[in-house]
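Trainee: show me the folded form of this:
(chains A and B, ligands or ions: 2)
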Amino acid sequence: MGLNGKAGEVFKSIPYILQGLEVTLKVTILALIIGAALGLILALMRVYGGGFCSRISVFYSRIIRSLPLIVILFGLYYLGADILDLSAYTAVILALSVHTAAYQSEIFRGAIQSISIGQMEAALALGMSKFQCIFSIILPQALRRAIPYWSNEAAIVLKDSSLAYVLGIAELLRRGEYVSARTTMPLLTYTIVGVIYFILTFVLSRGLFFVERKLSIPE
Amino acid sequence: MVEPILRIENLYKNFGDVEVLKGVSLTVEEGEVVVIIGPSGTGKSTLLRCINYLTVPDSGDIYFEGRKIEYKQDNLSIVRQKIGMVFQEFNLFNHLTALQNVAIGPSKVKKINKTKALELAEKELLRVGLQDKADHYPAELSGGQKQRVAIARALAMDPKILLFDEPTSALDPELTGEVLMVMKDLALDGMTMMVVSHEMGFAREVSDKIIFLEGGVVSEMGSPEKIFNNPDKERTLEFVSKITRLGPIDSSRGGSDI
Ligand SMILES: Nc1ncnc2c1ncn2[C@@H]1O[C@H](COP(=O)(O)OP(=O)(O)OP(=O)(O)O)[C@@H](O)[C@H]1O
Ligand SMILES: [Mg+2]
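Mentor: Ligands and ions are numbered 1, 2, ... in the order given. Down below sits the predicted model:
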């Protein structure tokens, strides 16, 4: 009865855990959007930017990818807290964005470079500007190719958003931790949290797979 | 005297240590069909690509419609709009249907409104006999059909001259005919064309002038009769008979009437 009671407590706490969903999703989605924008700019700088821009992009990507996410997070939070007065919430979003941007830039770069040079040449030969070539011809093809890899990165960002718990943000994992402590049922609690992450990741990748199929062109 | 539509003077191009073009000079008159032949690696593609500045020449001048192209100052887009190019590998835009491939130039570059651009594209597809493939993506077309769409795409810009870089050499032999047919029709319509090709049947039948490019210079230039039957240089004769023997179309009859 006692055990059942404790397990019951955990199950009754599921709605409480799920309240963390909003934060988790907000952090994930914002980080993905900012990261995609920044990643795309970095990729364009790398491929088309010429010497200086290209080197900045490479440098950024190397540095960020060599740092553990948690270091970026603490760095932004403690450094940022002094100078910029960042809230924990903003720090998490920024850290995730900065981090995923480096990985996304590599995804976009690879996709852009996989488009044959002939596509650009044919567009230039018609009289298009470089800008038009990139945005009307190269990116529509490259971004389609990037979707499966981007989808993988999106799942990583979703899971990485759980790191927000170290700054005390009450997202899914943090709430799980509270429940686990209160009920002394860590295994069951974390299993439930795990299942929630699984479902989110599953829905996310299915959704993106659907988008990929919807946008696919005959190859 | 009428100004030639294209005049190339003393064109040089190196790639690193490799000297490719070493002083090429030639002219193309309006309405003329010029076929360029020459051994592999001799700079035929490079020459064509210099004309629309996909490759930037090291020195030499290119006059188009009587005006010198100034690479640094000119708006290259305006020059390129008037110089159509057809590539060996077609280079159709893979994410666009045949119709959209043809329409995108007029709509993005000339800023013609979308509906008009699509109407124009339909007309150009009709011209190459592919109106029924309008909604097909490049991957759904045969090589010959792709190349015809690529020609329609170039035509949609209403160019003054069309450059063809080995338009049939990526095609299965049985598909070259349909592309050559379209090109022949264009020639009959009076289109000015510069064609790198070893299709000797086409050269003999359609061209006004054949240029033999070798060693980075124009080695010999003349009417098809002259180049095929009594060229000035022994080497020209040797090259012409070699490609005529190997050529996909003329292999049966080519050798005999040289
Ligand atoms: N972008 C480039 N960078 C370096 N070398 C190049 C480049 N483009 C062409 N070349 C070299 O220039 C030479 C001429 O090449 P080009 O493609 O113009 O020859 P081609 O006459 O068209 O030959 P083919 O009949 O094989 O098409 C070759 O030796 C080639 O390797
Ligand atoms: Mg070539």
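Trainee: Three-state assignment for the residue lying closest to A:Gly127 once chain neighbours are set aside, please.
Mentor: The shortest distance from A:Gly127 to any residue other than its chain neighbours is 3.8 Å, reached at B:Gln81 (C-beta to C-beta, 6 or more residues apart in numbering or on different chains). Where C-beta positions appear, they are placed from N, C-alpha and C, glycine not excepted. Recorded secondary structure, B:Gln81: helix (DSSP: H, G, I helix; E, B strand; the rest coil).
Trainee: make sure B:Gln81 is actually in contact with B:Ile112.
Mentor: No. Assessed by C-beta atoms under 8 Å, B:Gln81 is found out of contact with B:Ile112, at 11.9 Å.
Trainee: looking at the chain, which helix or strand is least sure?
Mentor: If you meant another chain, say so; for now it's chain A. helix A:80-83 (a mean of 75; mean pLDDT, DSSP states H and E).
Trainee: that's the other chain; I wanted chain B
Mentor: helix B:234-246 (a mean of 87).
Trainee: from the chain's centroid, how far away is stretch A:207-219?
Mentor: Relative to the centre of its chain, stretch A:207-219 is centred 20 Å away, using C-alpha atoms, centre = their mean, to the nearest Å.
Trainee: same deal with stretch B:162-178?
Mentor: Centroid separation between stretch B:162-178 and its chain, computed with C-alpha atoms, centre = their mean, is 11 Å.
Trainee: need the residues that contact that stretch.
Mentor: B:44-45, B:48-49, B:51-52, B:83-90, B:129, B:142-145, B:147-148, B:151, B:154-155, B:179-180, B:183, B:186, B:191-199, B:248-249 (C-beta atoms under 8 Å, 6 or more residues apart in numbering or on different chains).
Trainee: filter those residues down to the ones near chain A?
Mentor: B:Asn52, B:Ile83, B:Gly84, B:Met85, B:Phe87, B:Glu89, B:Ala154 (C-beta under 8 Å from any C-beta of the partner chain).
Trainee: tell me where chain B has strands.
Mentor: Ranges of strands in chain B, per DSSP state E, are B:6-15, B:18-28, B:33-37, B:59-64, B:67-68, B:83-86, B:161-165, B:192-196, B:209-214, B:217-222.
Trainee: next secondary structure after the least confident helix or strand of chain A?
Mentor: Scanning forward in sequence from helix A:80-83 by DSSP states H and E, the next helix or strand is helix A:88-114.
Trainee: so for that following helix, what gets flagged as buried?
Mentor: A:89, A:91-109, A:111-112 (16 or more other C-beta atoms under 10 Å in any protein chain shown).
Trainee: what about whichever residue of the stretch 151-258 of chain B sits closest to chain A, how many residues close to it?
Mentor: Residue nearest to chain A within the stretch 151-258 of chain B: B:Met157 (6.1 Å; C-beta to the nearest C-beta). Using other C-beta atoms under 10 Å in any protein chain shown, B:Met157 is surrounded by 23 other residues.
Trainee: got the contact list for A:Leu42?
Mentor: Contact partners of A:Leu42, counting by C-beta under 8 Å, 6+ apart, are A:Ser57, A:Tyr60, A:Ser61, A:Ala101, A:Ala102, A:Ser105, A:Phe108, A:Arg109.
Trainee: just confirm yes or no for the lengthiest helix in chain A near chain B.
Mentor: Once chain A is assigned using DSSP state H, the helix that runs over the most residues is helix A:186-215. No. On the criterion C-beta under 8 Å from any C-beta, helix A:186-215 is out of touch with chain B, staying 9.1 Å away.
Trainee: for A:Gly35, which non-adjacent residue is closest in space?
Mentor: A:Gly35's closest residue in space is A:Thr100 (C-beta to C-beta, 6+ apart), at 3.6 Å.
Trainee: can you check A:Ser129 too?
Mentor: Using C-beta to C-beta, 6+ apart, the closest residue to A:Ser129 is B:Ser77 (6.2 Å).
Trainee: that neighbour: what's it in contact with?
Mentor: If a contact means C-beta under 8 Å, 6+ apart, then B:Ser77 has A:Gly127, A:Met128, A:Ser129, B:Val109 as its contacts.
Trainee: which residues of the stretch 1-150 of chain B lie near ligand 1?
Mentor: Counting by C-beta under 6 Å from any ligand atom, the residues of the stretch 1-150 of chain B lying close to ligand 1 are B:Phe15, B:Val18, B:Val20, B:Gly38, B:Ser40, B:Gly41, B:Thr42, B:Gly43, B:Lys44, B:Ser45, B:Thr46.
Trainee: perfect, that will be all.
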